[in-house]
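1. the following block contains a protein sequence and its predicted model.
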Amino acid sequence: MRVRVWLTALLLGGWLAVGSAWGIDPFEFATPELRERFYRLNDELRCPKCQNQNLAGSNAEIAEDLRSEVYRLLNEGRTDAEIKSYLVERYGDYILYRPPLSARTLALWLTPPLLLFVAVFALVLLVRKHRLAASTQSGVGLDQAERERLARLLAQEQADKAQRRSAE
Amino acid sequence: MKRWLLFVPLLVFAALMTLLWRGLALDPTAMPSALIDKPLPAFALPALHDPGQIVTQHDISGEVALLNVWATWCPPCAIEHPYLVELAEQQQVPIIGVDYKDTDQEALQWLERRGNPYKVVLADREGRLGLDLGVFGAPETYVLDRSGVIRYRHVGIVDDKVWANTLQPLVEQLRREASVP
């Protein structure tokens, strides 16, 4: 029991330690606000070489260089917007994980919610059609007169069966 | 039920197939340069072969040229290099070298061994010019027009096919352009 507790503690501790071990670069920050902005910017900037990773997570040399650059610009007192546009000037819109909303990126931004809307709309139509089919109005179900006739036929069959059995 | 509605899934499929087919031909890693039609970024770098001499962007402009970003630690650059030497020997177009994040000593030795196709080599030791150009992987070759404006970037090795199909036509077209007074 004791061993288990120890192992769990070790595992969790190790996990936490890895989680908080941010980055390969030992950057010093004057204020916690600067550090926050640094982390946030690196999360939102794409590594130009390993293009599925952000600057925070990439080991590529260009990512290291760009992190240093972000650090330098932050310490110069630039705003987040200025830093982003500095990098976009050099690397293009693609370096931002959140592309700006412009005429070119309109299709990129609008298509997912548009597709979702179309899908939901189609689903609603389908469900309504199904419901209508299940009701008597489309003629697939039985109306009152038909139900009574069915009941009579069934009753008749029961009566016939009973008669035959008694006759045997 | 309207007959034509039955064809909608087929049409959607056809549209999707067209999009995806085109997508197969696209290069997902292609990052068009943000500097197309913009002037070469300002810089002041020592010339590799004469560190006392500082070269700026003004010294570069005046003729259509290629700007080749390379380094000794970059294997594809070694593969590309002989073709650049060949281009230089044929005197097709002046090639300016940017030695990106390298050591002068190693770069000089490298060029000594393999030949020097460059009109001048800029020692971009810190990589600042590379960063300003938006370099993300060497080798990269930029095509500059007469005014020192970047007109095209090729990421990767320049070989005879790249030259014949892409760079040479562009260089010739730029040469025919009247220079801006």
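-> Structure's in. What do you need?

2. now residue 96: phi and psi?
-> I went with chain A, as the question did not name one. phi -90, psi 130 (degrees, to the nearest 10).

3. nope, chain B please
-> Given degrees, to the nearest 10, the pair of backbone angles that B:Ile96 has is phi -100, psi 130.

4. low-confidence ranges in chain A?
-> A:14-25, A:134-141, A:168 (pLDDT under 70).

5. can you list the residues of it near chain B?
-> A:48-49, A:51, A:61-62, A:65-66, A:69, A:88-94 (C-beta under 8 Å from any C-beta of the partner chain). Backbone N, C-alpha and C define where each C-beta goes, glycine included.

6. again, only using 6 Å
-> Where chain A comes near chain B, counting by C-beta under 6 Å from any C-beta of the partner chain, the residues are A:48-49, A:51, A:62, A:90-92, A:94.

7. tell me the buried residues in the lengthiest helix in chain B?
-> Longest helix of chain B, by residue count under DSSP state H: helix B:8-25. Buried residues in helix B:8-25, defined by neighbour count with 16 or more other C-beta atoms under 10 Å in any protein chain shown: none.

8. whichever helix or strand comes after it pairs with which strands?
-> Using DSSP states H and E, the helix or strand that follows helix B:8-25 in sequence is strand B:38-39. Strand pairing for strand B:38-39, determined by DSSP bridges: strand B:149-155 (antiparallel).

9. now do the strand it pairs with, average pLDDT.
-> The average pLDDT within strand B:149-155 is 94.

10. name the residues that touch it?
-> B:33, B:35, B:39, B:140-143, B:145, B:170 (C-beta atoms under 6 Å, 6 or more residues apart in numbering or on different chains).

11. out of the residues of chain A next to chain B, who's nearest B:Val69?
-> A:Ile62 (12.2 Å; C-beta to C-beta).

12. wait, that closest one touches B:Phe136, no?
-> Yes. Using C-beta atoms under 6 Å, A:Ile62 is in contact with B:Phe136, at 5.1 Å.

13. give me the neighbour count for residue 161.
-> I'll assume chain A. Applying other C-beta atoms under 10 Å in any protein chain shown, we find 10 residues neighbouring A:Lys161.

14. switch to chain B, please.
-> 9.

15. so what touches the host helix or strand of it?
-> For B:Lys161, the host element (DSSP H and E) is helix B:160-162. Residues outside helix B:160-162 that contact it (C-beta under 6 Å, 6+ apart): none are found.
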